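K.L.:
Below are the sequence and a predicted model; questions follow.
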Amino acid sequence: MTRLTRAVLLTFGALAALVALALTAGGGTLVWAHATQRDSAGYYTTDTERFVTDTYALTSHVDLGDVPGEHDWTITHPVGTVRIRATAATERALFVGVAPTAAVDRWLAGVARERVRGANFGPFDVDSTVVAGDRAPTAPTTESFWAASATGSRTTTLRWPSEGGDWTIVVTNADGSAGIDASVDAAAKTGLLLPIGIGLLVGAVMFGAIATLLMFLALRGQAAATGAAVVESDEAGVEPAPLAYPVRLDGELDPDVSRWQWLVKWLLVIPHVVVLAFLWLAVTFLTVFAGFAILFTGRYPRSIFDFNVGVMRWTWRVGFYTVSAFGTDRYPPFSLRPDPAYPAGLDIPYPEHLSRGLVLVKWWLLAIPHYLVVAIFAGGWGLGGLGGWRMAGGGGLIALLALVAVVVLAVRGRYPRSIFDFVMGLNRWCYRVLAYVALLRDEYPPFRLDMGGHEPVAAT
């Protein structure tokens, strides 16, 4: 595959991932609103807003799609029942009605009124303006142009099956007198939010699958090369020393690491962060697929294994360069492949067989004790994935100690070796847990800090 083809696949994969993220946000919001934001009658309701005005009426324009205009209240298309509820603060009866805008404008021509724009959903404030006038209107109850209306002495509730057109909602005193003091809320009842939300989430899954496929195809050559390199090493007769845990995470502290470059590394790695965000989205989808493969076959698909390990390797190199260690000034390569020349590396031996039963519980139930530890080590910043696991890298003990080390480096010109060894142990713990919950290995991660730049070998 040529570099141009790979770049095109990565570009379209990133675009598909962006669409998937947007659809996920939109669909998730609608499903969340359907589940949590309805009242007992099934209405999605704005906050209650108190209006006190010396004018004759409160009005709000509602364009339901058939006529160009402003969108002032709760909906822009006829999707269900609209409810307007007004509670008077005085003994005067209130009138609430909805009518064609042209009819309301004729009725209130020259009448002082307060026009309300917008509805108060959470942090969004209501905006209103006063329209001056010099005459009093006729009583609203004497007019016949209302599509729906209601009158009450305390709480007045209007229910209107919405229909297309240009409408205005009016809240006024039933006798048409000036001076209104009322608390008003608007609501809409519709059965469309849940199906639209589910449709958006289905679209998110489809675009996520497309993004995963494109990124996997673009980087398949690198992942395949990684697997080939491992096979070649085995065929050469090199017998690696048995590891204390089958995840090799190494880092070599650069003796000439800059005193000050760490101040700008967060900016320099932005391209890596953007690419890795999409790669981890692909890893999430691929891990789910691999989980089903393990469940039915007991084997992790080799191409997916090499890809996922490559993304972890890439992430570790970026972390070693930045907040996970600040251990080198060498810029990380944009590559999934092992790079013996780079001072940080990660390798995970491919397992020929994995437990079918463990795949159902190890990434959530069995890993809970480790999640509590990793939350302290890794803190609040990271690249998430299946089951809520996090990457080491920011806001936690690792980042704090790495920051202490570079501050000492800036003051004394020397990176404290003891802190480096300890930080490497913390990172090693996190990546072992990551490999376990990403289904790459069945061996339970030890509750042990194996400190130092190089992975310890198993005791013989």
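P.N.:
Received, thanks.
K.L.:
All the helices of the stretch 151-300 of the chain, in order from the start?
P.N.:
Taking DSSP state H, counting those that start in this stretch, the helices of the stretch 151-300 of the chain run over residues 193-235, 265-268, 270-297.
K.L.:
right, so of these, which gets closest to Val171?
P.N.:
Closest to Val171 of the helices of the stretch 151-300 of the chain is helix 193-235 (C-beta to C-beta; 26.3 Å). C-beta coordinates here come from the backbone N, C-alpha and C atoms, glycine included.
K.L.:
for the protein, what spans make up the strands?
P.N.:
Taking DSSP state E as the test, the strands found in the chain are 44-45, 49-53, 57-63, 81-88, 94-100, 113-117, 127-131, 148-152, 155-161, 166-173, 180-189, 248-251, 344-347.
K.L.:
Which neighbouring elements make contact with the last one?
P.N.:
Spelled out, that is strand 344-347. On a contact count with 3 or more C-beta pairs under 8 Å, 6 or more residues apart in numbering; DSSP states H and E, strand 344-347 meets strand 248-251, helix 302-321.
K.L.:
any idea how far the longest one is from the chain center?
P.N.:
Translated: helix 302-321. The chain centre lies 22 Å from the centre of helix 302-321; the measure is C-alpha atoms, centre = their mean, to the nearest Å.
K.L.:
Equivalent analysis for the first one, please.
P.N.:
Relative to the centre of its chain, strand 248-251 is centred 31 Å away, using C-alpha atoms, centre = their mean.
K.L.:
Over to stretch 152-160?
P.N.:
Distance, stretch centre to chain centre, for stretch 152-160: 40 Å (C-alpha atoms, centre = their mean).
K.L.:
pull the CA atoms of that stretch into CSV?
P.N.:
Only the C-alpha atoms of stretch 152-160 are listed here, as CSV (Å, rounded to 0.1, in the frame of the first residue of the first chain):
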residue,chain,number,x,y,z
GLY,A,152,-58.3,29.9,35.0
SER,A,153,-58.2,31.8,38.3
ARG,A,154,-55.0,30.3,39.6
THR,A,155,-53.1,27.9,37.4
THR,A,156,-54.2,27.9,33.7
THR,A,157,-53.1,25.1,31.4
LEU,A,158,-53.3,25.2,27.7
ARG,A,159,-52.9,22.0,25.6
TRP,A,160,-52.6,22.4,21.9
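K.L.:
How about residues contacting that stretch?
P.N.:
Applying C-beta atoms under 8 Å, 6 or more residues apart in numbering, the contact partners of stretch 152-160 are 81-88, 91, 93-98, 147-150, 169.
K.L.:
Any buried residues in that stretch, and which?
P.N.:
In terms of neighbour count (16 or more other C-beta atoms under 10 Å), stretch 152-160 has its buried residues at Gly152, Thr156, Leu158, Arg159, Trp160.
K.L.:
who touches the residue of the chain most remote from its centre in this structure?
P.N.:
In the chain, the residue that sits farthest from the middle, by C-alpha atoms, centre = their mean, is Arg135; the gap is 53.8 Å. Applying C-beta under 8 Å, 6+ apart to Arg135 gives the contacts Gly110, Val111.
K.L.:
got a pLDDT number for it?
P.N.:
What the model reports for Arg135 is a pLDDT of 92.
K.L.:
quick revisit: rank the helices of the stretch 151-300 of the chain by pLDDT, which is bottom?
P.N.:
Comparing mean pLDDT across the helices of the stretch 151-300 of the chain, the weakest is helix 193-235, with a mean of 72.
K.L.:
For Gly413, find the nearest of the strands of the chain.
P.N.:
The nearest among those, by C-beta to C-beta, is strand 248-251 at 20.5 Å.
K.L.:
For that closest one, which strands pair with it and how are they oriented?
P.N.:
strand 344-347 (antiparallel) (DSSP bridges).
K.L.:
The strand it pairs with - what's its average pLDDT?
P.N.:
Throughout strand 344-347, pLDDT has a mean value of 96.
K.L.:
how about that strand as PDB, C-alpha atoms only?
P.N.:
Only the C-alpha atoms of strand 344-347 are listed here, as PDB (Å, rounded to 0.1, in the frame of the first residue of the first chain):
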ATOM      1  CA  ALA A 344      10.700   3.600  25.000                       C
ATOM      2  CA  GLY A 345       9.100   0.400  23.800                       C
ATOM      3  CA  LEU A 346       6.200  -1.900  24.500                       C
ATOM      4  CA  ASP A 347       5.700  -5.500  23.400                       C
END
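K.L.:
Need the residues that contact it.
P.N.:
230, 247-252, 309, 312-313, 316-317, 320-321, 325, 327-328, 332, 338-339, 431.
K.L.:
let's see 7 Å
P.N.:
Outside strand 344-347, the residues that touch it by C-beta atoms under 7 Å, 6 or more residues apart in numbering are 248-251, 312-313, 316-317, 320, 327-328, 338, 431.
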